[in-house]
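**Q** take this sequence and fold it.
(one chain, ligands or ions: 1)
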Amino acid sequence: MTVAIDGPSGAGKSTVARAAASAVPGMIYVDTGAIYRGIAYTLVTDGTDISDADAVKTALDGIHPSIDYVDGIQHVYINGEDVSDRIRTPEISLATSKISAYPAVRDFLLETQRRIAREHSVIMDGRDIGTIVLPDADVKIFLTASAECRAKRRCDELAAKGTPVTYEQVLADIIKRDKNDSERETAPLRQAEDAVLVDTSDMTLDEAIEAVKQVIGGKR
Ligand code: DC
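**A** All right, here's what the predicted structure looks like:
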């Protein structure tokens, strides 16, 4: 079974998808954003000029991403090195949004994502899973929430991790990434025509998980 969950940054896709996957025996959760982040992290760390699409395209030749699960949690490896704990900074978030707009980066990861879905029963989250990566997914969900709600949740999350940031900064970053992700030419963020819309703005996390489980349950 394949479940595609798309939506903007901070809508709770990963938390909701992970919880929904754990309720279905044999199903794995695939966070595709983390793979894009791993690529962005490597490009930034190696000093590649990420404003230069050709330089990024060339650098991809030396980047080999993979994922694996450690205690049920997805880890991202680049050339065998686990980079999972270095890909969630605001700097890497913006860099990821930038490089994920390049067609060369999207093509580079397309087959990797499809192969994972062929080999496993998956709940895969991202921006173009229902529209491009898995257009024949059994279930498609577009999970969203208002930018303000998403910013508030992200602030709370970062504060809990001991990296407090201002609400205004987080909101500005979210709006910028929404714009990048939905206005880019290649595989922009949009709801697939056959996706079910789940707006979590007024939902608790448990309610959002329940709503997604119900959509999946209705198709099994
Ligand atoms: O889901 P996330 O916030 O970790 O994603 C990070 C960035 O990667 C986001 O700005 C958009 C991009 N992305 C994408 O373009 N396509 C995907 N399938 C997943 C993420």
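
**Q** mind listing what the residue nearest the centre of the chain touches?
**A** Among the residues of the chain, the one closest to the centroid is Gly33, at 3.0 Å (CA atoms, centre = their mean). By CB atoms under 8 Å, 6 or more residues apart in numbering, the contact set of Gly33 is 14, 96, 125-127. The C-beta positions use only the backbone N, C-alpha and C, and glycine is treated the same way.

**Q** ditto for Asp82
**A** With the criterion set at CB under 8 Å, 6+ apart, Asp82 makes contact with 75-76.

**Q** low pLDDT regions in this structure?
**A** Low-confidence segments of the chain (pLDDT under 70): 220.

**Q** get me the contact residues on it for the ligand.
**A** For the chain, the contact set with the ligand under CB under 6 Å from any ligand atom comprises 9, 32-34, 36-37, 96-97, 100, 126-128, 177, 181.

**Q** Asp49 in helix, strand or coil?
**A** Secondary structure, DSSP: H, G, I helix; E, B strand; the rest coil: Asp49 is coil.

**Q** that one - nearest residue in space that isn't next to it in sequence?
**A** Counting by CB to CB, 6 or more residues apart in numbering, the nearest residue to Asp49 once its immediate chain neighbours are dropped is Ala55, at 5.0 Å.

**Q** count of neighbours near that neighbour?
**A** Other residues near Ala55 come to 12 when the count uses other CB atoms under 10 Å.

**Q** from here on, count from 7
**A** All right, first residue 7 from here; so that's Ala61.

**Q** so what pairs up with Asp74 in the strands?
**A** Per DSSP bridges, the residues bridged to Asp74 are His81.

**Q** that one against Ile41, yeah?
**A** No. Using CB atoms under 8 Å, Asp74 is not in contact with Ile41, being 11.9 Å away.

**Q** ok, the two, which is more surrounded?
**A** Comparing Asp74 with Ile41 by other CB under 10 Å, the one with more neighbours is Ile41, at 26 against 11.

**Q** what's the separation between the closest residue to Tyr173 other than its chain neighbours and Thr172?
**A** Using CB to CB, 6+ apart and skipping the chain neighbours, the partner closest in space to Tyr173 is Cys161 (5.2 Å). Computed as CB to CB, to the nearest Å, the Cys161 to Thr172 distance reads 8 Å.

**Q** and the two? Which one has more around it.
**A** Cys161 (19 against 10).
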